[in-house]
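Engineer: Let me see the structure of the following:
(chains A and B)
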Amino acid sequence: MAVDARVGAPGKRLEVDPESLVSVVVIGLNEAMHLPACFASLSSSRSRPREVLYVDSGSTDASAVIAEQVGARVMTLGGVHVSAAAARNVGLAHAQGTMVHFIDGDMTLGRNWLEAGATALSGDPTLACVFGPVIEVGTSLADRIIGRDWSNRRPGYVEAPGSGGTFRVEVLRRVGGYPEDLVAGEEIELGRRLRTCGYGVRCLSVSMGTHELGVSDVRTYWRRWARGGLARWQLIRLRPLSRSEWLQLVKPFVFAGGAVTTALLTIGPRRRRFLGLVGALAYVGLVTRLALRESCRGEDFPMALASSLENYVRCIPITFGFIDAGTRAFFRTSLRTTCRGVAERRGC
Amino acid sequence: MPRVLLACETLEAGGAERQIVTDAGLLDEAGWQVSLVSWAGGPMETHVPPSVRQYRLNRGSWCGRLSGILGVCRACAPDIIQSHLTGANLLASLAGRSLGVPVVVTEHGLGLWRRDKLRYRAAVATTYRTAREIQCVCDATRRAKAGLEHAPLSMTTVAYNCFSRQSVADTPSGAALRKHLGIPPKAFVAVFVGRLIDVKRPDLLMAVAGRLLKARDDAYLLIAGDGPWRECIENWARESALGECVKLTGIRNDMQAVYGAGDVLVLTSEREALSLALLEAGASSLPAIAFDVGGNAEAIVDAESGYVIPFGDVNAFGARLAALADDSGLRLSLGGAAADRAERLFSPEARLRALESCYARLLSGDA
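Structural biologist: Next up, the predicted model:
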């Protein structure tokens, strides 16, 4: 979807009444197990939403039927690999409220969120989106570590929304909704578009709800972050990046490349092992530094250390995902060119 | 008195474990000297007849378990070993081979979901090379094992699971359960029996039952089982305003009361070998509706003793359920046929005959 660059005027001040203002869009793919809890949290919210829409991205379970039975308006998307962004945009197109709150099927809504979100948005016309910390309820260590990214968000103005949030419908429609070309990291791109148009994004201190990540094994973990690498590739193809964006983008590749080089040097010829040891010490230093910084902010040190380590470990699947996406794109293009060449030579 | 050793991994409240306990009771009553060995116990331990000698290994490593099962074999000197489920099958067949005792391995599942795991495939291949006979609980299991796991067909036999006489419906206790749960005597009750886990597809159960319960005021869903989906079902019932019509009882020991309280059994599993719930419901004269997966079509003759629906067709499932809710005469006729079929094919006596003929064959060296 293209962005309308002429958008710029901040929105009007809104009256606070979530029951008439806020539409809730739930998106899901095979989330039948979590949907009832999600809808139960909407019902038990202090302020009821104006409407609840459920956008199903082609589930093979009974998610859509269950959502219908609990009273949601259901929209089902066909096709394979429908992105979360595309599903949210369908919900956005059908939302009747002046604000829309996006929530995933495996999340629940905080009891006070709708009221807090609507109040914050209506109180500041320059805000396009508000969101809040999300508590991770998954029990695995990876869930707890990765979940800290969302639960430890500090209140204030930020660059991009995270894990859904409440938006002004008008503004979101003007910027073209979520970028559907990205399989992950779409919220970062959306934040950029909103900022370009003069709107802000704010993280509130009110809990937005809970989430169950479901990273229970190495395969799921790898797939999750490899998707991040794919998203980086898609972002490069989407638009020209600024210098700071390039720096952000290549950072994980540098760390991953450094880690692989260090490992090779450490197990390689004896005379170069010293270099490997220096590299390993550098990584230990980086991890410890990050962990200490987190623990100074009041975090539990062992958890901060694990989180810091994970922060560097994830660079490897991200890099792999990026290289994989790039390689596939290259071969697809070259194959197409070769086929065209052969067809032309044969006079087809 | 011939001695048989039954080996299994756990005695949790699953279908295979219930069958093991039933087998122990049947063989014990038939005059066999039965011993039962498991790695870890479970709730079914209390259902094992007191005359059956029980051994629990409580060892974590596979080497420890193997030496444990060898020790048990030396202690009870079995003439034959019958094992159940993959881990026990492997160790029992190795122990039997080393001691020269014939081993019958019992396959309860379809094995499809684990076919890509190297360790599982190696275990299965070793088991099939060392065991004397592979006994499958239904023909679907036999086909799956032969097709996907290369079980030699010449060694493979079918001995159907059986229902337990203690689980057959009992009208007074069924009426008492209805009263306890607040279900009117004339109401229509669909029963689901099973663990509330992914493979049982509770989502499809909710989809099917939700339509019926919304359409009829006198319909109830009784769920006997527990698992990670329980909270989800409770939330769904509350949010769909069906809280009064959905009764979750958790795991129950009085299955005769559960079947006695029901009018029809619904089974929405995506994978089943031969479901004990289907057999017990049939023996209790309850018609059943299930998806056409695994051995369900062996337990139910479509339109004769229940309905078998193509997997995932929630509309057809719902239509059949509504038809049964509307027509008590149809329920009676299908239930009668189900009881006849269960008594003929899935009775404890039929199971005992199959087991004894298998043991006799192996002991005489014909296999």
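
Engineer: Strands of the chain, residue ranges please.
Structural biologist: Answering for chain A, as no chain was given. A:22-28, A:51-56, A:73-76, A:99-104, A:107-109, A:127-131, A:134-136, A:156-158, A:165-168, A:200-203, A:209-211 (DSSP state E).

Engineer: You answered for a different chain; I wanted chain B.
Structural biologist: Ranges of strands in chain B, per DSSP E, are B:3-8, B:33-38, B:53-56, B:80-84, B:103-107, B:133-136, B:156-158, B:188-193, B:219-224, B:246-248, B:264-267, B:288-291, B:306-309.

Engineer: Grab the CA positions of stretch A:255-270 and hand them over as CSV.
Structural biologist: Extracted C-alpha coordinates of stretch A:255-270, given in CSV (Å, rounded to 0.1, in the frame of the first residue of the first chain):
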residue,chain,number,x,y,z
PHE,A,255,27.7,-9.3,15.6
ALA,A,256,26.8,-12.6,13.9
GLY,A,257,29.8,-12.4,11.6
GLY,A,258,32.1,-11.5,14.5
ALA,A,259,30.8,-14.5,16.5
VAL,A,260,31.4,-16.9,13.6
THR,A,261,34.9,-15.5,13.0
THR,A,262,35.7,-15.8,16.7
ALA,A,263,34.5,-19.4,16.8
LEU,A,264,36.6,-20.3,13.7
LEU,A,265,39.7,-18.6,15.1
THR,A,266,39.3,-20.3,18.5
ILE,A,267,39.1,-23.8,16.9
GLY,A,268,41.5,-23.0,14.1
PRO,A,269,45.4,-23.1,14.0
ARG,A,270,47.1,-22.6,17.4
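
Engineer: how about stretch A:141-149, does it get close to chain B?
Structural biologist: No. Stretch A:141-149 does not reach chain B (Cβ under 8 Å from any Cβ of the partner chain); its nearest approach is 15.3 Å. Backbone N, C-alpha and C define where each C-beta goes, glycine included.

Engineer: sorry, back to before: so which of the strands of chain B comes closest to residue A:261?
Structural biologist: Closest approach to residue A:261 among those is made by strand B:103-107 (50.3 Å; Cβ to Cβ).

Engineer: other SSEs contacting the closest one?
Structural biologist: Helices and strands touching strand B:103-107, by 3 or more Cβ pairs under 8 Å, 6 or more residues apart in numbering or on different chains; DSSP states H and E, are strand B:80-84, helix B:86-99, strand B:133-136, helix B:139-148, helix B:348-363.

Engineer: what's the angle between the fourth one and strand B:103-107?
Structural biologist: The one in question is helix B:139-148. Relative orientation of helix B:139-148 and strand B:103-107, computed by axes from the mean of the first three to the mean of the last three Cα atoms, to 10 degrees: 100 degrees.

Engineer: And helix B:139-148, what does it pack against?
Structural biologist: Using 3+ Cβ pairs under 8 Å, 6+ apart, the elements in contact with helix B:139-148 are strand B:103-107, strand B:133-136, strand B:156-158, helix B:296-299.

Engineer: can you list those in CSV and add mean pLDDT and mean neighbour count?
Structural biologist: Conversion of these to CSV gives the following (pLDDT from 0 to 100; neighbours: other Cβ atoms under 10 Å in any protein chain shown):
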stretch, mean pLDDT, mean neighbour count
strand B:103-107, 94, 28
strand B:133-136, 93, 24
strand B:156-158, 92, 17
helix B:296-299, 95, 23
